[in-house]
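**Student:** quick one, fold the following:
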Amino acid sequence: MKNSGGVEGRKIKRKKRIIKLLAVLVVVISLFLVLSWLEYIPVFTKTIEPVGNIGTMNVGSYIESNPDLSEIPNLDKLNYEGYYSTASSEDIIEGYKSDLQDKGYSLEYEGTMPLDGKQYKLIGFLKGLTAVGIIIYESSSESEVIYVTGNALDFREILEWYQNK
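**Tutor:** Residues are numbered from 1 along each chain as shown. A predicted model of the protein is given here:
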């Protein structure tokens with residue numbers, strides 16, 4: 001009888017361990033999904049269109065036609081999209097500031113940078129491990145916007161590249 005009780009006891013302990021493990025797993029997965037949904041973890045990041053009447057651009061072709069931009073590291077690890085907008089660069093920046101700060105992002109950088117003979121405006125935001133970088137060039141007829149988002153750690157090399165420019 002003791003043997004069968006011992007076997008039953010081990011089965012009960014095993015079931016309890018499995019239930020505890022499943023409970024911890026459900027909590028961890030739920031937490032991960034909530035943090036991802038809230039954009040604290042850059043898993044389901046998506047780009048945001050700028051204000052104004054917009055169109056999308058082929059970022060690959062745009063980068064090829066602006067060789068300095070092709071030097072930006074880690075773009076293959078990040079989610080990005082290019083847009084054309086009729087809005088001014090100031091309106092686009094204010095639109096992104098309002099939208100992203102309302103979502104809990106903090107503005108980490110705002111400045112300008114000359115590349116390929118053009119003066120680009122740059123803004124950068126951070127929320128948890130999610131970073132957003134926005135590059136804007138305003139011509140006489142429209143603004144060209146590249147919106148980049150992803151893991152903040154992948155942005156480190158971009159920041160180093162930027163500081164060396």
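**Student:** switch to C-alpha atoms for all contacts and neighbour counts from now on
**Tutor:** Noted.
**Student:** on the three-state scheme, residue 146 is what?
**Tutor:** Here residue 146 is recorded as strand under DSSP: H, G, I helix; E, B strand; the rest coil.
**Student:** tell me the spacing between it and residue 95.
**Tutor:** According to CA to CA, to the nearest Å, residue 146 stands 14 Å off from residue 95.
**Student:** which of these two has more residues huddled nearby?
**Tutor:** Comparing residue 146 with residue 95 by other CA atoms under 10 Å, the one with more neighbours is residue 146, at 23 against 16.
**Student:** contacts only, for the more buried one.
**Tutor:** 59, 80, 81, 82, 83, 134, 135, 136 (CA atoms under 8 Å, 6 or more residues apart in numbering).
**Student:** how about residue 120?
**Tutor:** 112, 113, 114, 135, 136, 137, 138.
**Student:** of the residues you listed, buried ones?
**Tutor:** Neighbour-count burial (16 or more other CA atoms under 10 Å) is assigned, among the contacts of residue 120, to 135, 136, 137, 138.
**Student:** is it true that the second one touches residue 121?
**Tutor:** Read it as residue 136. Yes. Using CA atoms under 8 Å, residue 136 is in contact with residue 121, at 5.1 Å.
**Student:** circling back: which one of the contacts of residue 146 is nearest residue 102?
**Tutor:** residue 134 (16.7 Å; CA to CA).
**Student:** for residue 44, helix, strand, or coil?
**Tutor:** When classified by three-state DSSP, residue 44 comes out as coil.
**Student:** correct me if wrong: it contacts residue 37.
**Tutor:** Yes. Counting by CA under 8 Å, residue 44 does reach residue 37; the two are 7.0 Å apart.
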